[in-house]
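Student: Need the 3D shape of this:
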Amino acid sequence: MEKRNELSPNLINRNVSQEASNDSSDDAPLPPLRKQGFFWRIWFRFYDFIKNHYFLCAHFCFIFLISFLSSFIFWIIEDGNVSYTIAFFATTSAATCTGLTPFDVSTIKLANKILLLLLINLGSIVLLSSMPVLLRLFYTWRAARHSSEPSMIKAAEKLKAPLKVLIMLIFTYYIVISIFFCGIIGLYVNLHEPTRLLLKERQVNPWLYAFFHTFSSFNNAGYSLLTDSMIPFAEDVFMQLSTAFLILAGNTMYPMLFYIWVKLWSILPLPRYRKLIFRELLTHPRKYYTHLFPFRQTLALTGFWLIINGLEYIIFFLEWNKLLSIYSTGNKLLIMFFQTISVRLAGFNNVDIGALQIAHLFVYILAMYLAPYPFVITVKQTKHTGTSRDYKVGRRIKRFMYRDLIWLYIVLLVLFFIEEEREPLTVAPKPFLRMLFEVFSAYGCVGLSMGFPNAVVCFSGLFHPVSHLIFVALLIMGKHRGLPDSVDRAITFKPEILRNTSFIRSDPELQARAKKQLGKAGQLINIDDEDSEMEE
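Tutor: Numbers count the residues shown, from 1 in each chain. A predicted model of the protein is given here:
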């Protein structure tokens, strides 16, 4: 019987492309492709996944590598005071901006405090969101410099000006807010007598506290140099409001505040050409950046935030005459406002989370799970055209939620199997609720914990070393929820399919300035916008 060796169309096309691209090795025999080979199919599935999800894979590798490598540094510096799995847990928690603390942060060495602060900044949503912009700028520069195709050169040149301006806007936003709040919080904790005495009693340097607290708040990490987080500031209006603003500015409200930041720059007395660049960014924001949306979507995202936080704020009235009974009316309202802001992403607490009512804790679990969904929905809707025209988003979000719930169920099953007979579950009250809260807090990258009686660490910090590694995986998986697809134009690096800047065509004066300021950009004014091709 004749043996058949059929090749799939995809593999044939791959062979053809390989032969066409390898001019120097035309005579070299290609390895045989066997459609029925098990390992061959596994390899190409893996290759196709990497190719179709390169942004997700690059992001994952970056977070994992900095967490893994820094864990050895942390472990060596502590010199046996913590186990390696605890060190790995802590560095991953910092890199994912989660803030679950398996030890008392105030007791670790200064070098490790600085290391955690560095990891918090490396995992910053604002700074990480700038990486695709920087990579696109690099690829467009390389295409304009080295490509021999005129169309690719023109397409690359068209992107340079908006991308450069966007990089400037992102970093000025981050630097201005960080420096400003480091300064005012530092002055406050040094000049405000009760706060200064509190930090002196806890043996914490005021300026170190201000610096650490500002970046931890701005990046939604939830780490604090004080054992009891924000509880000592439960009646301090300035500390709670400034921390709440930093939490919002670094995550939940970042797309809205960044839109305002771009708008403010656009009204400055700048050259007309620069103003048109800002107008291009505001008119077609999703062509350039994953966290900048058109005005209508920005307004809708703000509305979602107000509704969700308003509902959480109302539910907090369950604690009015119970947990909050010792405070005045004004302080009660302030505590409720801060904790409502913090619960969805930041991980700071100004009340004892373990003392909340069971119904309230289940609301928190739901809030931590649903926290990224308004942003995820907006990103999915606007990934192609910048407007809400993708009618398949609902089905994708459902699949997204089903996948999350299956993953969380498996994690809970394994954790209960490991920890069932160990002390944290056998001694702590409400063990099932504590475990559920801890898992959803880790997966939501929030960092809140119900804790353990008479302990200053998170509940998961007392688990078995294998459970620590499971939480490491949980933290990293949670960090990558809602990342844009690789087909999203804001993270596509090929300049030949990003011909989307048409704002210099209509004005002869702008054409002349473009030729002077961008060189080859003057050649772009006759190129038609190809948004319709992208939408297809």
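
Student: Do a quick rundown of the strands in the stretch 251-400 of the chain.
Tutor: Listed in chain order, the stretch 251-400 of the chain contains no strands at all (DSSP state E, counting those that start in this stretch).

Student: any low-confidence regions in it?
Tutor: Applying pLDDT under 70 to the stretch 251-400 of the chain picks out residues 382-394, 396.

Student: so where do the helices sit in it?
Tutor: For the stretch 251-400 of the chain, the helices defined by DSSP state H, counting those that start in this stretch occupy 254-266, 272-283, 295-315, 329-343, 358-370, 373-381, 393-419.

Student: So for residue 165, which of those helices sits nearest?
Tutor: For these, the distance to residue 165 is smallest for helix 272-283, at 5.1 Å, taking CB to CB. In short, each C-beta sits where N, CA and C put it, glycine included.

Student: who does that closest one touch, helix- and strand-wise?
Tutor: In terms of contacts (3 or more CB pairs under 8 Å, 6 or more residues apart in numbering; DSSP states H and E), helix 272-283 is packed against helix 150-191, helix 254-266, helix 508-518.

Student: Any chance of the ones you listed in TSV with distance to residue 340 and mean neighbour count as columns?
Tutor: As requested, the helices and strands packed on helix 272-283 are exported to TSV (distance: least, CB to CB, whole Å; neighbours: other CB atoms under 10 Å):
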stretch	distance to residue 340	mean neighbour count
helix 150-191	20	18
helix 254-266	17	18
helix 508-518	47	15
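
Student: will you turn those into TSV that also has distance to residue 87?
Tutor: Formatted as TSV, the helices and strands packed on helix 272-283 follow (distance: least, CB to CB, whole Å):
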stretch	distance to residue 87
helix 150-191	27
helix 254-266	30
helix 508-518	49
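
Student: So for residue 458, which of these sits nearest?
Tutor: For those, proximity to residue 458 was assessed by CB to CB; helix 150-191 is nearest, at 24.8 Å.

Student: What helices and strands are in contact with that closest one?
Tutor: With contacts defined as 3+ CB pairs under 8 Å, 6+ apart, the packing partners of helix 150-191 are helix 125-146, helix 193-201, helix 206-218, helix 237-247, helix 254-266, helix 272-283, helix 508-518.

Student: Pull out the buried positions in the third one.
Tutor: By that I understand helix 206-218. Under the neighbour-count criterion of 16 or more other CB atoms under 10 Å, helix 206-218 has 206, 208-218 buried.

Student: which residues of the chain score low on pLDDT?
Tutor: Within the chain, the ranges that satisfy pLDDT under 70 run 1-38, 147-149, 151-152, 155, 382-394, 396, 482-536.

Student: ok, 50 please
Tutor: Within the chain, the segments meeting pLDDT under 50 span 1-35, 386-388, 495-511, 513-536.

Student: quick revisit: of all the buried residues of helix 206-218, which comes closest to residue 301?
Tutor: residue 218 (19.4 Å).

Student: was I right about the closest one contacting residue 176?
Tutor: No. In this structure, residue 218 sits apart from residue 176 without contact. The criterion is CB atoms under 8 Å, and the distance is 11.3 Å.

Student: what comes into contact with the helix or strand harbouring residue 120?
Tutor: For residue 120, the element it lies in under DSSP states H and E is helix 110-122. Residues lying outside helix 110-122 but in contact with it, judged by CB atoms under 8 Å, 6 or more residues apart in numbering, are 66-67, 70, 73-74, 77-78, 90-91, 94-95, 97, 105, 127, 208, 211-212, 215-216, 219, 221, 223, 225.

Student: what do you get for stretch 361-368?
Tutor: Outside of stretch 361-368, the residues that reach it under the criterion CB under 8 Å, 6+ apart are 308, 312, 315, 343-344, 353, 356, 433, 436-437, 440-441, 443-444, 446, 448, 450.

Student: just the buried members of these?
Tutor: Applying 16+ other CB under 10 Å to the contacts of stretch 361-368, the neighbour count classes 308, 312, 315, 343-344, 353, 356, 433, 436-437, 440-441, 443-444, 446, 448, 450 as buried.

Student: Report the contact partners of the residue most central in space within the chain.
Tutor: With distances taken as CA atoms, centre = their mean, residue 125 lies nearest the centre of the chain, 3.9 Å away. With contact set as CB under 8 Å, 6+ apart, residue 125 has these partners: 97, 219-220, 250-251, 254, 291.

Student: Ok, residue 165 next?
Tutor: 274, 277-278, 281.

Student: Ok, residue 252 next?
Tutor: Residues in contact with residue 252, defined by CB under 8 Å, 6+ apart, are 305, 341, 344-345, 371.

Student: Need those residues in JSON lines (columns: distance to residue 298).
Tutor: As requested, the contacts of residue 252 are arranged in JSON lines below (distance: CB to CB, whole Å):
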{"residue": "305", "distance to residue 298": "11"}
{"residue": "341", "distance to residue 298": "19"}
{"residue": "344", "distance to residue 298": "19"}
{"residue": "345", "distance to residue 298": "19"}
{"residue": "371", "distance to residue 298": "18"}
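
Student: just those residues now: which is nearest residue 186?
Tutor: residue 341 (22.1 Å).

Student: Give me the neighbour count for the closest one.
Tutor: Taking other CB atoms under 10 Å as the neighbour definition, residue 341 ends up with a count of 23.

Student: Verify the stated contact: it with residue 312.
Tutor: No. At 9.2 Å, residue 341 does not count as touching residue 312 under the criterion of CB under 8 Å.

Student: Okay, the closest residue in space to residue 211 that isn't next to it in sequence and residue 216: tell me how far apart.
Tutor: Counting by CB to CB, 6 or more residues apart in numbering, residue 211 lies nearest to residue 182, which is 5.5 Å off, once chain neighbours are set aside. Relative to residue 216, residue 182 is positioned 12 Å away (CB to CB, to the nearest Å).

Student: ditto for residue 350
Tutor: Going from residue 350 to residue 216 by CB to CB gives 15 Å.

Student: likewise residue 160?
Tutor: Computed with CB to CB, the distance linking residue 160 and residue 216 is 35 Å.

Student: what's the answer for residue 154, then?
Tutor: Applying CB to CB, the value for residue 154 to residue 216 is 45 Å.

Student: Same check on residue 176?
Tutor: From residue 176 across to residue 216, the span is 18 Å (CB to CB).

Student: out of the contacts of helix 110-122, which are buried?
Tutor: When these are checked against 16+ other CB under 10 Å, the ones flagged as buried are 66-67, 70, 74, 77-78, 90-91, 94-95, 97, 105, 208, 211-212, 215-216, 219, 221, 223, 225.

Student: Quick one: the helices in the stretch 1-150 of the chain, in order.
Tutor: Along the stretch 1-150 of the chain, the segments classed as helices by DSSP H, counting those that start in this stretch run 9-21, 38-52, 54-78, 84-95, 110-122, 125-146, 150-191.

Student: quick one, the longest one and helix 254-266 angle?
Tutor: Interaxial angle, helix 150-191 versus helix 254-266 (axes from the mean of the first three to the mean of the last three CA atoms, to 10 degrees): 100 degrees.

Student: Over to the fourth one?
Tutor: Helix 84-95 and helix 254-266 meet at an angle of 40 degrees, taking the same axes, to 10 degrees as the criterion.

Student: how big is the angle separating helix 84-95 from helix 110-122?
Tutor: Put simply, helix 84-95 runs at 40 degrees to helix 110-122, going by the same axes, to 10 degrees.

Student: CA-only coordinates of helix 84-95 in PDB, if you can.
Tutor: Included here for helix 84-95 are C-alpha records, laid out as PDB according to Å, rounded to 0.1, in the frame of the first residue of the first chain:
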ATOM      1  CA  TYR A  84      13.100  31.100  49.700                       C
ATOM      2  CA  THR A  85       9.500  30.500  48.900                       C
ATOM      3  CA  ILE A  86       8.500  33.400  51.100                       C
ATOM      4  CA  ALA A  87      11.100  35.600  49.300                       C
ATOM      5  CA  PHE A  88       9.700  34.500  45.900                       C
ATOM      6  CA  PHE A  89       6.200  35.200  47.100                       C
ATOM      7  CA  ALA A  90       7.200  38.700  48.300                       C
ATOM      8  CA  THR A  91       9.000  39.700  45.200                       C
ATOM      9  CA  THR A  92       6.200  38.400  42.900                       C
ATOM     10  CA  SER A  93       3.700  40.300  45.100                       C
ATOM     11  CA  ALA A  94       5.700  43.500  44.600                       C
ATOM     12  CA  ALA A  95       6.300  43.000  40.900                       C
END
